[in-house]
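In: Coordinates only, no sequence provided:
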Ligand SMILES: Nc1ncnc2c1ncn2[C@@H]1O[C@H](COP(=O)(O)OP(=O)(O)O)[C@@H](O)[C@H]1O
Ligand SMILES: O=P(O)(O)OC[C@H](O)CO
C-alpha cells in the first residue's frame, strides 16, 4: 500500500468518521477516514488464492467474511474509536467474483469463482453461437467473456449437484462480494438484506444498461432463475444497519465495484475525467456523463455510480487482467524477487529491456482484444537477456497495456488524454510511473491518498448520510502528491510500442481446442 499511515484518532480531532471496507482480490481491508478524507487507521488481511486447475481461480468466501470482520475490528481499535463515532460504513469490492450461498444456513455452496477464472470460456462461446454476441453488447454494454458473473452462475448451477433445484425453490442467493458482505453485516440468516448496487450489477452480463434492471430475456437464455438475484439499488443509500460486532447499529450506506469506487474517490465527477488503478489488474475508467457510450474499440460500457435517486453516471472502461499479479508471479512462482517493491531495484539495474517484451496473457487478453485463446509470451529473447531485463519488461508490460487502452478510449470518446490520475499498490513504483508517462506521452499524477478505492466508498456512504453535503465538498479534498512527466524521445517511444504490439500478436491463438 502506498501513502497510507496509521495514526490515532486524536490527531484528526474527535470525529465523526466514516469507515470503508474494501474486499479486494488479494486482501480485505478497512480504512477509517475523517471529514477531510484523510486516513485515520488501516487494517488489512490477505486471503488464500486457490488454483485448482490451470486457468481456474477461487476464493473461500467464509475465510473472506472472517477476514472482513477482523479488519473492521482492527481498524476501529487502532483508531481508538467506537461505533458512536462512525456515521456510516461504505463497501467496495473486487467485481464479478461470483458466489452462491444457502440463505437458510449462510453456507457458500462452492468456493467463489474469481473474475480471473477462465473455466466458462466454452460456455461463453456456446452462448455466443446460440444467443449472439451483439445482443449482450447491446443490452449490457459488455462483450460475452468468462470475466463476467452471469456465466459463472450458470456454471455453478450446472456443476454443483442438486443446486438448480434448490435455486429454483428460492433457497439459494447469488451475490458478488458486495452482496455477500452486506448480507452478512446486516444479520445474515437473521434478516440480512440481499442487495447489490448498479455498478456491481452492471458487471454480471445480466443487467440491462438502459433500464438498470435484470434483463428477463438474457436471464432465460442463460437459464438463471430470477429467484437467486439480489435487488439492484443505487451506490449511495442506506441498505440496512450492522447487526453485531464492533460497529453494531452503524448504517451500511454505500456499495460500489472497486474500480468505480476509485473513479469516485479520485473525484472524476465531470464528463471526460479519467483514472487508472494499478493493483492485481489495471482498470482505466472515464466518466462519460448520464448516457452510456457504445465502444467500437474493445472497451466496456459500464455504470460509473449512482447517488440515491439522481441520474446514473456511466463510464467507459479498459480492463487489463494482469499487471500487479505479474509482479506477484515473478516473486511467488519464479522466485526472482523477494518482495513486490524489489522489482524496481532489479529493473533499475539495467538501462533498458535488452530486447525482451513480456505479454502476460495469463487469463487470455482483456481490453481491447477480448481473446480467451491468448496465453503469455516473452518475446525477443537472446542470450544477452538477464533477469533484470525481464524485470524491466514486466514493468513495461503495464505501461504499454495502458497505452493500448488510452488509444482505444481516445477513439471511442474523441477526448485526448491531457493527464492520467493514478492510484493503487503499483503506483509506489517510481520507475513504473515514469515508464507509464513515457509510454503515454502525458503527465501521470498521483493524489495524496492513493487508497482511492476505500476513499470512494467512504465518500459515497458519507453523501448518503449527509456527512458531506455534495461532490464539490469532496473535490476540495483531492490533493496532488506526485507527478511524472514524459522524458522519452518520440522515435524511441514509437519503436518500443511497435515491438510491443508485435509481441502481443504472438500470444494469440495459443489455445486451439479448449475444454
Ligand atoms: N513497488 C511495487 N512495484 C510493482 N508492483 C507492486 C509494488 N507494490 C505492490 N505491487 C503490486 O500491486 C498489487 C497490490 O496492489 P493493491 O492496490 O493492494 O491491489 P488489489 O487491490 O488488487 O489487491 C500486487 O499485485 C503487487 O504485486
Ligand atoms: O481487487 P482488485 O483491485 O484486483 O480489482 C479487481 C477488479 O474489480 C476486477 O474487475
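Out: That came in fine, so what should we check first? On a predicted model such as this, the values are computed, not experimentally measured, just so you know. Ligands and ions are numbered 1, 2, ... in the order given.

In: In what element of secondary structure is residue 35 found?
Out: Taking DSSP states H and E as the criterion, no element holds residue 35; it sits outside all helices and strands.

In: What distance do you get for residue 159 to residue 109?
Out: 10 Å (Cβ to Cβ, to the nearest Å). For every residue, glycine as well, the C-beta is placed using N, CA and C.

In: So is stretch 48-67 next to ligand 1?
Out: No - when contact is scored as Cβ under 6 Å from any ligand atom, no part of stretch 48-67 falls within range of ligand 1; the minimum is 10.6 Å.

In: what's the span of that stretch from first residue to last?
Out: Separation of the first and last residues of stretch 48-67 by Cα to Cα, to the nearest Å is 11 Å.

In: Quick check, residue 294 in contact with residue 301.
Out: Yes - the pair formed by residue 294 and residue 301 meets the contact definition of Cβ atoms under 8 Å, at 6.3 Å.

In: what sits in contact with each of the two?
Out: Residues touching both residue 294 and residue 301 by Cβ atoms under 8 Å, 6 or more residues apart in numbering: residue 141.

In: more neighbours, those two?
Out: When residue 294 and residue 301 are compared on other Cβ atoms under 10 Å, the one with more neighbours turns out to be residue 301, at 21 against 11.

In: partner residues bridging residue 41?
Out: As for beta bridges, residue 41 partners with residue 32 under DSSP bridges.

In: one step back: so for residue 159 and residue 109, which residue has more residues nearby?
Out: Comparing residue 159 with residue 109 by neighbour count (other Cβ under 10 Å), the higher total belongs to residue 109, at 21 against 10.

In: What separation do you get for that one and ligand 1?
Out: Using Cβ to the nearest ligand atom, to the nearest Å, one obtains 25 Å as the distance from residue 109 to ligand 1.

In: Surely that residue and residue 172 touch.
Out: Yes - because the distance of 6.7 Å satisfies Cβ under 8 Å, residue 109 is recorded as touching residue 172.

In: Next, show the common contact partners of those two.
Out: Common contacts of residue 109 and residue 172 (Cβ under 8 Å, 6+ apart): 100-102, 163, 166.

In: Write a PyMOL command that selects only the buried members of these.
Out: A single PyMOL command suffices to select whichever of the shared contacts of residue 109 and residue 172 are buried according to 16 or more other Cβ atoms under 10 Å:
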select buried, resi 100+101+163+166
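
In: is it possible to export the shared contacts of residue 109 and residue 172 to JSON lines including pLDDT?
Out: Listed next are these as JSON lines, based on pLDDT from 0 to 100:
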{"residue": "100", "pLDDT": "98"}
{"residue": "101", "pLDDT": "98"}
{"residue": "102", "pLDDT": "97"}
{"residue": "163", "pLDDT": "97"}
{"residue": "166", "pLDDT": "96"}
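
In: Between the shared contacts of residue 109 and residue 172, which sits nearest ligand 2?
Out: Nearest to ligand 2 among those is residue 100, at 18.9 Å by Cβ to the nearest ligand atom.

In: ok so, going back, please list the members of the shared contacts of residue 109 and residue 172 that lie in helices.
Out: Using DSSP state H to define helices, the subset of the shared contacts of residue 109 and residue 172 located there is 163, 166.

In: The shared contacts of residue 109 and residue 172 into TSV, with extra columns for distance to ligand 2?
Out: Formatted as TSV, the entries for these read as follows, by distance: Cβ to the nearest ligand atom, whole Å:
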residue	distance to ligand 2
100	19
101	20
102	26
163	25
166	28
